[in-house]
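In: sharing a model prediction with you, sequence too.
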Amino acid sequence: MKMKKKKLIASILSIASILTVISSAHAHMEPNKEDPGTFLFKWPVPDSSKINSDFGYRTDPFTGKRVLHAGLDIAPVERGVSGDKVVAAYRGTVVRSEESSSYGNVVYINHELRRNDWVQTRYAHLSKKPSVKKKEEVSKGTKVGVMGDTGQVTGVHLHFETRESSKEPDTSNNSDPVDPLNYVEQPRSLDVRSTVDEDGFVPNPYNEQYSEETSDQ
C-alpha cells in the first residue's frame with residue numbers, strides 16, 4: 001500500500017512539473033480577456049499580413065554568412081510603397097524611439113506580462129519619425145509610425161521583433177529574440193507567406209540581431 005501511495009505521489013508531482021513547463025512555454029497563449037480565443041498580442045500592421053522573410057537562420061546577402069534573422073519582415077500592401085500604419089502589439093512603455101544606422105527609424109516597447117516575465121517588441125525601418133516618444137505609455141493598437149525603408153534594407157517593409165527577458169529589457173541585446181508568431185497570429189484573411197517572392201526579392205536581408213548599436217542616447 002505504501003509503495004502504491006509513493007508511486008501515486010510521484011506521478012502527481014511529475015504531472016505538476018509537466019504542466020508548469022507547458023504553462024511557462026505558452027504564457028503568450030494565455031486567455032485574452034479583451035477578445036477570447038485570440039492571441040494576447042496584436043498583429044502590428046493592420047492592413048497587411050504578407051511575411052516576406054521569417055524568423056530563423058538564413059544567408060545574409062550582404063555578408064554571405066548564415067545568420068539569425070531575429071524577426072519577421074512584413075511587406076506593405078502595395079510593393080515598394082511606404083505609409084502603411086504600424087501599431088503597438090501590446091500595451092507597454094516606449095524605451096527607444098529614434099533613428100539607427102541599421103534599424104532606421106525604430107521603436108522599442110517593453111511589456112511586463114507578469115513578475116519576471118518581460119517581452120520587448122521592436123518596430124524597425126519606419127518611414128518617418130516615430131509617432132511615439134521615449135518613456136511614453138502606449139496601449140495595444142497605438143500608432144507607433146508608418147512602414148518605410150530607412151536603415152540598411154533593400155525595400156519597404158516592417159522588421160518586427162519580439163524578445164523575452166526575466167528582467168526589464170534595456171536597449172541593448174540583454175533579451176532573447178524569439179519567433180514573433182509565438183505572440184501574434186498572422187491574420188488569416190491575408191495569409192500570404194514566402195521567404196522570397198516570385199521575383200527573388202528579399203525585402204530585408206540585413207541581420208540586425210547582434211550588430212545593432214546598444215546606445216540608448
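Out: That came through, no problem. Numbers count the residues shown, from 1 in each chain.
In: what ranges does the chain have for its helices?
Out: With DSSP state H as the criterion, the chain has helices at 2-25.
In: that one: strands as residue ranges?
Out: 51-53, 56-59, 66-69, 72-74, 85-87, 92-100, 104-114, 117-126, 137-138, 143-146, 158-165, 176-178 (DSSP state E).
In: make TSV out of those and add mean neighbour count and distance to Phe41.
Out: Every C-beta, even on glycine, is put in place using the N, C-alpha and C of the backbone. Listed next are these as TSV, based on neighbours: other CB atoms under 10 Å; distance: least, CB to CB, whole Å:
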stretch	mean neighbour count	distance to Phe41
strand 51-53	22	16
strand 56-59	14	19
strand 66-69	17	19
strand 72-74	25	12
strand 85-87	20	11
strand 92-100	19	10
strand 104-114	20	8
strand 117-126	25	8
strand 137-138	16	13
strand 143-146	20	14
strand 158-165	23	8
strand 176-178	17	12
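In: residue ranges with poor pLDDT in the protein?
Out: The chain contains residues with pLDDT under 70 at 1-38, 61, 189-217.
In: could you redo the last one with a cut-off of 90?
Out: Scanning the chain for pLDDT under 90 picks out 1-40, 52-53, 58-65, 79-80, 101-102, 116, 128, 152-154, 170-174, 185-217.
In: burial count for Lys133?
Out: Lys133 has 12 neighbouring residues, counting by other CB atoms under 10 Å.
In: distance of it from Ile109?
Out: Lys133 sits 12 Å away from Ile109, going by CB to CB, to the nearest Å.
In: so what sits against both of these two?
Out: Val94 (CB atoms under 8 Å, 6 or more residues apart in numbering).
In: and Val146, bridged to which residues?
Out: Lys85 (DSSP bridges).
In: residue contacts, it?
Out: 82-86, 126-128.
In: my read: Ala70 touches Pro177, true?
Out: Yes - contact criterion CB atoms under 8 Å: Ala70 and Pro177 qualify, at 3.9 Å.
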